[in-house]
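Asker: 3D, please:
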Amino acid sequence: MGLLIWNGIVIGLAATVAMDIWALILHLVFKQNKPNWAPAGRWFHRVARGHFLHQDLSAIEAFPQEQAVGWFGHYAVGVAYGIIFALIVGPVWFAAPTFIPAWIFGIVTIGAGWFIMQPGMGLGIAASKTPNPNKVRLLNFAAHTVFALGMYVSALILIA
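Answerer: I've put the predicted structure just below:
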């Protein structure tokens, strides 16, 4: 069980790094905005104080460490996803990793953003209250596909 959790931590970290590299590529090549984890940090901070749903998170006073809290939360969730995935697929998958289970899991995890985090931040279900919800959804799909690819590739490296 300990090795399985350790492997989950490794693939979760690697997958989150892959997602961040993807975001950097989108910024450098396609001029997309860099990830801003401050709003997520503000939301995590508010959730920890019992305030889950917000109509407009930007209307709530910022706090000095929200960018750091956002980044920490981003990586904590990535590691948690890695551990959950490892516990679901078990040692058999780690013995011979395949992409499809990782990809299915990566796509399923979009649901947490669409149905928990985005509504909680006042962005609506699946970013429905944003200026371009379909663009957000497509970028979410791509990022979570990259996350899945990061889990898969890092698992291959673990068994090499």
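Asker: Wait, residue 97 touches residue 160, no?
Answerer: No - Residue 97 lies out of contact with residue 160 (CB atoms under 8 Å); the separation is 10.7 Å. The C-beta positions use only the backbone N, C-alpha and C, and glycine is treated the same way.
Asker: Of those two, which one has the most company?
Answerer: Neighbours per residue (other CB atoms under 10 Å) separate residue 97 from residue 160, with residue 97 holding more: 20 against 5.
Asker: Please name the residues that touch that one.
Answerer: 152, 155, 156, 159 (CB atoms under 8 Å, 6 or more residues apart in numbering).
Asker: what's the lowest-mean-pLDDT helix or strand in the chain in contact with?
Answerer: Ranked by mean pLDDT, DSSP states H and E, the weakest helix or strand in the chain is helix 38-48, scoring a mean of 94. Outside helix 38-48, the residues that touch it by CB under 8 Å, 6+ apart are 52, 54, 57-58, 60, 62-63, 65-74, 117, 120-121.
Asker: Adding neighbour count, pLDDT and distance to residue 127, write the contacts of residue 97 out as a markdown table.
Answerer: Formatted as a markdown table, the contacts of residue 97 follow (neighbours: other CB atoms under 10 Å; pLDDT from 0 to 100; distance: CB to CB, whole Å):
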| residue | neighbour count | pLDDT | distance to residue 127 |
| --- | --- | --- | --- |
| 152 | 23 | 98 | 26 |
| 155 | 28 | 98 | 30 |
| 156 | 14 | 98 | 33 |
| 159 | 10 | 91 | 37 |
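Asker: Next step: those residues restricted to strands.
Answerer: Residues of those located in strands (DSSP state E): none.
Asker: okay, the angle between whatever helix or strand comes next after the least confident helix or strand of the chain and helix 38-48?
Answerer: Remark: after helix 38-48, the chain's next helix or strand is helix 66-95, criterion DSSP states H and E. Here helix 66-95 points in a direction 90 degrees away from that of helix 38-48 (axes from the mean of the first three to the mean of the last three CA atoms, to 10 degrees).
Asker: Quick check: buried residues in helix 66-95?
Answerer: Under the neighbour-count criterion of 16 or more other CB atoms under 10 Å, helix 66-95 has 66-67, 69-71, 73-75, 77-79, 81-83, 85-86, 89, 93-94 buried.
Asker: got the contact list for residue 119?
Answerer: 53, 125.
Asker: Tell me the secondary structure of it, please.
Answerer: Per DSSP: H, G, I helix; E, B strand; the rest coil, the local secondary structure of residue 119 is helix.
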